[in-house]
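Undergrad: below: sequence and its predicted model.
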Amino acid sequence: MLGLLRRHRVLLLHLSFWGVYFSFYFYQISREAGWRLALANSLVPLVSNLLIGYLNFFYLLPRGLRRQQLGRYLLELAAPFALVVAVRVLVQRQLAVGPMQQSYVESGAFVFSVVVGTLFIVAFLSMLHFVVGWFALDARTRALENEQLTAELKLLKAQINPHFLFNTLNNLYYLAYTQSPNTPEVVAKLAQMMRYMIYESNHATVALSQEIEYMQNYISLEKLRLNAPVPVQFEVEGPVEGVRIAPLLLITFLENAFKHGVSTTDPQAWVTVLIRLRGAECVCTVANGRLPHPAPAPTTAGTGLQNLHRRLALHYPGRHALHVDDGPTEYRVHLTLTLT
């Protein structure tokens, strides 16, 4: 029912206005005459205003706006406006009831009131035309913005997937080159993660539990690749059931932690991940130790974080806070999201 009212709200506004207009005239005249004369005297101004009002609403005003010639539009409106006013005055003089009303409709004051009343109706409907046009333009603008945002989000996620694939293929290459017995397990983990990326991440939001499982699979894959006892602490506080989040947001922090904070030659390397849920707020903190001699960053460094900043702005405008603490011994990222 509400959807039907929203779709026809403009029509309902028109009908309500004319209903009030007719009721006002009918009530005023019916106090002095019978309902038949009151109906006739009420229908005359109603029909005349409907004719000139909607002739201007549907034809003259739109054409004037297209031409952008105010003088020509006023001239085209003047002739039908004068004709409608003249016919209405003549008809109402024929329908006048009693000597007082007859005297009034014969006066110049009556003609003036008809002109002013008709101008008011034309002006009101013209304003309504502009309001309807503004709402239509606003709806089209919002639709275009949504289409652009959707296309940009798809592009950003398409950039994330190759980024992950390049990293994982490098890991597989290393394992295959060293003939590691962990290669089959890595391939199985990769296949499981790819299924999530291909099928689940195409949705606007995913279950937070799936995102967490994806991150845990990534950690398992990295541990297999490193083949070293790197301490990784992963904690989740609060209920995750029913919580949804934009896909592939949190993995960027984890990738950077392993890329820049973990090395097989550094026994002091560590990574911690904490996801805390409090009501509609989700807080993710990822920290890692700093390598004593970090390797030079590749030319594609920062792509993941750049995409993340853009995706946060698109998915959670005004509902996210990202803080980075780049200390001498550790690197810590703290993200706060307000979920819906």
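TA: Structure received.

Undergrad: what about Thr272, which SS state?
TA: Per DSSP: H, G, I helix; E, B strand; the rest coil, the local secondary structure of Thr272 is strand.

Undergrad: that one: neighbouring residues, count only.
TA: Thr272 has 17 neighbours, counted by other CB atoms under 10 Å. From N, CA and C alone the C-beta is placed, and that goes for glycine too.

Undergrad: show me where the stretch 151-300 of the chain has helices.
TA: 183-195, 208-226, 251-261 (DSSP state H, counting those that start in this stretch).

Undergrad: can I get those helices in TSV with distance to Val271?
TA: Formatted as TSV, the helices of the stretch 151-300 of the chain follow (distance: least, CB to CB, whole Å):
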stretch	distance to Val271
helix 183-195	17
helix 208-226	8
helix 251-261	5
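
Undergrad: return the most buried member of those helices.
TA: Mean neighbours per residue, mean count of other CB atoms under 10 Å, is largest over the helices of the stretch 151-300 of the chain for helix 251-261, with a mean of 21.

Undergrad: centre of the chain to it, how far?
TA: 32 Å (CA atoms, centre = their mean, to the nearest Å).

Undergrad: of the helices of the stretch 151-300 of the chain, which approaches Ala86 most closely?
TA: Nearest to Ala86 among the helices of the stretch 151-300 of the chain is helix 208-226; the distance by CB to CB comes to 72.3 Å.

Undergrad: domains of the protein?
TA: 2-140, 180-338 (automatic domain parsing).

Undergrad: can I get the helices of the stretch 151-300 of the chain in JSON lines with mean pLDDT and distance to Glu106?
TA: Below are these laid out as JSON lines (pLDDT from 0 to 100; distance: least, CB to CB, whole Å):
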{"stretch": "helix 183-195", "mean pLDDT": "81", "distance to Glu106": "87"}
{"stretch": "helix 208-226", "mean pLDDT": "86", "distance to Glu106": "80"}
{"stretch": "helix 251-261", "mean pLDDT": "85", "distance to Glu106": "84"}
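
Undergrad: which one of those helices lies nearest to Val243?
TA: helix 208-226 (4.2 Å).

Undergrad: so the closest one versus helix 251-261, what angle?
TA: Interaxial angle, helix 208-226 versus helix 251-261 (axes from the mean of the first three to the mean of the last three CA atoms, to 10 degrees): 20 degrees.

Undergrad: run the chain-centre distance for helix 208-226.
TA: 33 Å.

Undergrad: also stretch 187-196?
TA: 33 Å.

Undergrad: give me the residues contacting that stretch.
TA: The contact list for stretch 187-196, computed with CB atoms under 8 Å, 6 or more residues apart in numbering, reads 164, 168, 172, 210, 213-214, 217-218, 220-221, 224.

Undergrad: identify the farthest-apart pair in those.
TA: Maximum distance among the contacts of stretch 187-196 (CB to CB): 23.4 Å, for Leu172 and Gln210.

Undergrad: for the nearest residue to Leu70 once chain neighbours are set aside, what are its contacts?
TA: Once flanking residues are discounted, Leu70 sits nearest to Gly64: 7.2 Å by CB to CB, 6 or more residues apart in numbering. Neighbour list for Gly64: 70, 72-73, 76 [criterion: CB under 8 Å, 6+ apart].

Undergrad: which one of the helices of the stretch 151-300 of the chain lies nearest to Val111?
TA: Of all those, helix 208-226 comes closest under CB to CB, at 72.9 Å.

Undergrad: for the closest one, packing partners?
TA: Using 3 or more CB pairs under 8 Å, 6 or more residues apart in numbering; DSSP states H and E, the elements in contact with helix 208-226 are helix 108-177, helix 183-195, strand 232-237, strand 244-245, helix 251-261, strand 271-278.

Undergrad: swap the cut-off to 10 Å and go again
TA: If you count contacts as 3 or more CB pairs under 10 Å, 6 or more residues apart in numbering; DSSP states H and E, helix 208-226 packs onto helix 108-177, helix 183-195, strand 232-237, strand 244-245, helix 251-261, strand 271-278, strand 281-289.

Undergrad: now tabulate these in CSV and tack on distance to Ser16.
TA: CSV is the format used below for the helices and strands packed on helix 208-226 (distance: least, CB to CB, whole Å):
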stretch, distance to Ser16
helix 108-177, 12
helix 183-195, 55
strand 232-237, 54
strand 244-245, 41
helix 251-261, 54
strand 271-278, 47
strand 281-289, 44
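
Undergrad: for Phe58, find the nearest of these.
TA: helix 108-177 (8.7 Å).

Undergrad: and that closest one, how far from the chain's centre?
TA: 7 Å.

Undergrad: please work out the angle formed by the directions of it and helix 251-261.
TA: Using the same axes, to 10 degrees: helix 108-177 against helix 251-261 is 40 degrees.

Undergrad: tell me the mean pLDDT for helix 108-177?
TA: Averaging pLDDT along helix 108-177 yields 76.

Undergrad: relative to helix 183-195, how tilted is that helix?
TA: Using the same axes, to 10 degrees: helix 108-177 against helix 183-195 is 170 degrees.

Undergrad: ok so, going back, deepest in the core, which of the domains of the chain is it.
TA: domain 180-338 comes out most buried of the domains of the chain by mean count of other CB under 10 Å, with a mean of 16.
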